[in-house]
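*Asks:* all I have is the shape, not the residue letters:
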């Protein structure tokens, strides 16, 4: 992930807490005269409300700057949750075979169904939603969860209210701002006025106290959670579904990390009775199959999910998918099908085990240091508490002193302050080296 | 949910099988297809029947009023649905699809072998890559800049690689937001209007004129050479312009584009120039808006590998946002586009990008030209057929679309008649806007024998 040169001095991440300033290269000469042509098209006010770049390119930028200052540095990247392990042969072979087929008359495929290849939709239903009554027709194949989150926001429109966990994956909030749902950013709290932030911390077992949460139309909920690593229990999810039902809300459930669950926690919101009437589930092959660059995911929209006027949400989602999208790459979809074969799935489980062994090493490394460490058990993220600290400062210090890239918790929301997220993707040697460096530094 | 089922069948992905056996249909069949225009255009998305509705649980979330404004399904799934319904009615019909502009010819080896290599590489330590730059892989951006914009002053970092033009059109709408006005050609590719409606830029659909309120429709007809009379066009913030045009096939001249750029400059508007068919140009018409001086300050250009390399299913395109393009407060549009790309997208598939890079190698470019040439030959055959039948025929010179005039007739009626009588799927002109009424779009993608067979059938029907 690289950030264009001419954008590199813009959007300091901590600008969220400082007054807004015109930090772009406006085409004004020193005399204040306009240089060059300015259109009369007003800038989208929603985009003005985003005070900094998207979190992960910001991390990349810091990394690049650090490398520029320290050219010989042996950097270990535990920041952006980017998979590192090669994709198992059986899957890439399927993709290569499909690709070679595209050069033949029998194997050539043009436009696919925007909703995805039916064989893949069926395989997803069979593998992940067996016994939950989710049909292939309710599954929409995507080019990844990040894209589907935005398509979902486009679907919902500017006039819905939303709740997010705090901390949470930044795309929920950022996409909400972009679509115009979020209201103004309150500088003191760092929160958008129209978004409900559901605090998730050790004190509440990383599950919000729903009795304190006002009704919103949509509730984004990620489990296992990015960044905290917490996998919600069946009991917690039951409460969530009941809460949504009582309030007539829609849960947008992000299950991108379900494959990492080790302790029997629910793997899908649809394991909870009644969820089909209140929830959409978004998932991804990225962390499951190392498809971060290949681009494949899916969203489940149950037929039972209805707007207040009775209109099925699935029909509108389908319309968005047909109008704003043209299907995931058929090559990625061929790969997806192979991921769900017996051999493919087993091979992927081995890769996941590898990452979770990384996570264990990192968790075990922290605990003797007296630091409170969360996650790392059901997700490839470790959430480390540095009480009373400014997480961007801790991020910078760690980067400077140990050449390890992490992610400051504040990037995931105000309640992330004081935490650092460390991702467990990486080659074993690097993980061991990182663990060693952190022990020394801390 | 039969609509859903139909949409999800693999019949939609239209790799045509070989239709070698001649169709035996009775050309004297007088079965007339009278389908009312209104009932065709309006797909009523009927929810559960009343008696079930009271029992079925509803959330308290209001449906997005913008989506409710859309009158029917997106055009091409509609056409696909009709094709499926036709096959249900005539299971043995040898249907030929000249409707949805779907490529049919295999992708040249030089391109697929690069993609196969990249795929295999993902299984190795050295070859594995995870998240790519959201803006696209550097080598591909550089190759796009030098191949298409070499001497036009467009640089690598002005180029954003996408998973296709259709997706980028929506991302552009997200950048612009709901408070901008837009103009489209009439007729035009439906994604411009539909994405505008979804974004909330438009008012309600006005049935009497078949237009959405708040969109400026720039009529393009044979009478005005398929270029709008700009003196009659109201100022809008955004102007969508597609050249060579889908569906009319018209390619704008240098003079016309110069006037368009001047118009945009005078009005402080932004042109979104769709150049998806540029490589089909046969004469010296401009292939990029940036060939026009001053365009970098007023235009965005979107493009696609779909129709060049048969990448309709592989998914790859690009959008050029020049640094010089500024909002009214001086803020560079490219910065906001970059933010959207980073937030609402995660990059085109790395395998597709490897294919794109191979497309732009000397061998790849040559191979693409061959494929394009093949479709252009198809187009020529179709143009000649309709010419010989006495039709007024437009397009077909610089685009893989033939725009056939059926004066005084409803285009959905003609569509249905052609489908019923010849088992050929076309696209009704009114699906592209009210200015398309009375026209049929015939696309030239298809195996040669199917195109020849289709032309035989057209001759039989219209002789």
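*Replies:* Thanks, I have it. Quick caveat: nothing in here was measured; it's all calculated off a predicted structure. Numbering: from 1, shown residues only, chains lettered A, B, ... in the order given.
*Asks:* okay, which residue is most central for the chain?
*Replies:* By default, I'm working from chain A. Compute the mean C-alpha point of chain A, and by C-alpha atoms, centre = their mean the closest residue is residue A:169, 4.9 Å away.
*Asks:* correction: the question concerned chain B.
*Replies:* residue B:189 (5.2 Å).
*Asks:* quick one: secondary structure of the residue nearest to that one when sequence neighbours are not counted?
*Replies:* Spatially, and ignoring its direct neighbours in sequence, residue B:189 is nearest to residue B:246 (4.8 Å; C-beta to C-beta, 6 or more residues apart in numbering or on different chains). Where C-beta positions appear, they are placed from N, C-alpha and C, glycine not excepted. Taking DSSP: H, G, I helix; E, B strand; the rest coil as the rule, one finds residue B:246 in the coil state.
*Asks:* same check, this time on residue B:404
*Replies:* Taking three-state DSSP, the label given to residue B:404 is strand.
*Asks:* quick one: residues contacting it.
*Replies:* Residue B:404 makes contact with B:386, B:391, B:392, B:393, B:394, B:439, B:440, B:441, B:442 under the criterion C-beta atoms under 8 Å, 6 or more residues apart in numbering or on different chains.
*Asks:* that older thread, and the residue nearest to the centre of chain B, what does it touch?
*Replies:* B:242, B:246, B:247, B:274, B:432.
*Asks:* any figure for the gap between it and residue B:247?
*Replies:* Distance of residue B:189 to residue B:247, given as C-beta to C-beta, to the nearest Å: 7 Å.
*Asks:* which neighbours do the two share?
*Replies:* With C-beta under 8 Å, 6+ apart, residue B:189 and residue B:247 have common neighbours residue B:432.
*Asks:* any idea of the pLDDT on the closest residue in space to residue B:437 that isn't next to it in sequence?
*Replies:* Nearest residue to residue B:437, sequence neighbours excluded (C-beta to C-beta, 6+ apart): residue B:430, at 4.5 Å. Turning to residue B:430, the model gives it a pLDDT of 95.
*Asks:* ok, residue A:368 next?
*Replies:* 88.
*Asks:* am I right that it is in a strand?
*Replies:* No. Going by three-state DSSP, the assignment for residue A:368 is helix, not a strand.
*Asks:* give me the neighbour count for it.
*Replies:* Using other C-beta atoms under 10 Å in any protein chain shown, residue A:368 is surrounded by 8 other residues.
*Asks:* what residues does the stretch 151-300 of chain B put near chain A?
*Replies:* With C-beta under 8 Å from any C-beta of the partner chain as the criterion, the stretch 151-300 of chain B meets chain A at residues B:157, B:163-164, B:166-167, B:169-170, B:174-180, B:191, B:194-195, B:198-200, B:237-238, B:265, B:267-270, B:294, B:297-298.
*Asks:* how about the strands in the stretch 101-250 of chain B?
*Replies:* B:159-162, B:182-186, B:205-206, B:211-212, B:215-219, B:238-242 (DSSP state E, counting those that start in this stretch).
*Asks:* how long is stretch B:236-245 from one end to the other?
*Replies:* 20 Å (C-alpha to C-alpha, to the nearest Å).
*Asks:* what pLDDT, on average, does it get?
*Replies:* Stretch B:236-245 comes out at a mean pLDDT of 98.
*Asks:* next up, the contacts around the residue of the stretch 201-350 of chain B found nearest chain A.
*Replies:* In the stretch 201-350 of chain B, the residue that lies nearest chain A is residue B:268 (2.7 Å; C-beta to the nearest C-beta). Counting by C-beta under 8 Å, 6+ apart, residue B:268 touches A:38, A:39, A:40, A:41, B:235, B:328.
*Asks:* list buried residues within the residues you listed.
*Replies:* A:38, A:39, A:41 (16 or more other C-beta atoms under 10 Å in any protein chain shown).
*Asks:* beta-bridge partners for the nearest residue to the first one once chain neighbours are set aside, please?
*Replies:* Distances taken as C-beta to C-beta, 6+ apart put residue B:326 closest to residue A:38, at 4.8 Å, once the chain neighbours are dropped. Here residue B:326 shows beta-bridge partners residue B:332, assigned using DSSP bridges.
*Asks:* separation between residue B:326 and residue B:190?
*Replies:* 29 Å.
*Asks:* helix, strand or coil: sort out residue 374 for me.
*Replies:* With no chain named, the answer covers chain A. Quick answer, by three-state DSSP: residue A:374 is strand.
*Asks:* meant chain B actually
*Replies:* Applying three-state DSSP: residue B:374 is helix.
*Asks:* who wins for neighbours among the contacts of residue B:404?
*Replies:* residue B:442 (30 neighbours).
*Asks:* what mean pLDDT does the helix or strand containing that residue have?
*Replies:* Residue B:442 is part of strand B:439-443, with elements assigned from DSSP states H and E. When pLDDT is averaged along strand B:439-443, the result is 98.
*Asks:* packing partners for that strand?
*Replies:* The elements that strand B:439-443 packs onto, with contact taken as 3 or more C-beta pairs under 8 Å, 6 or more residues apart in numbering or on different chains; DSSP states H and E, are strand B:401-405, helix B:411-422, strand B:427-428.
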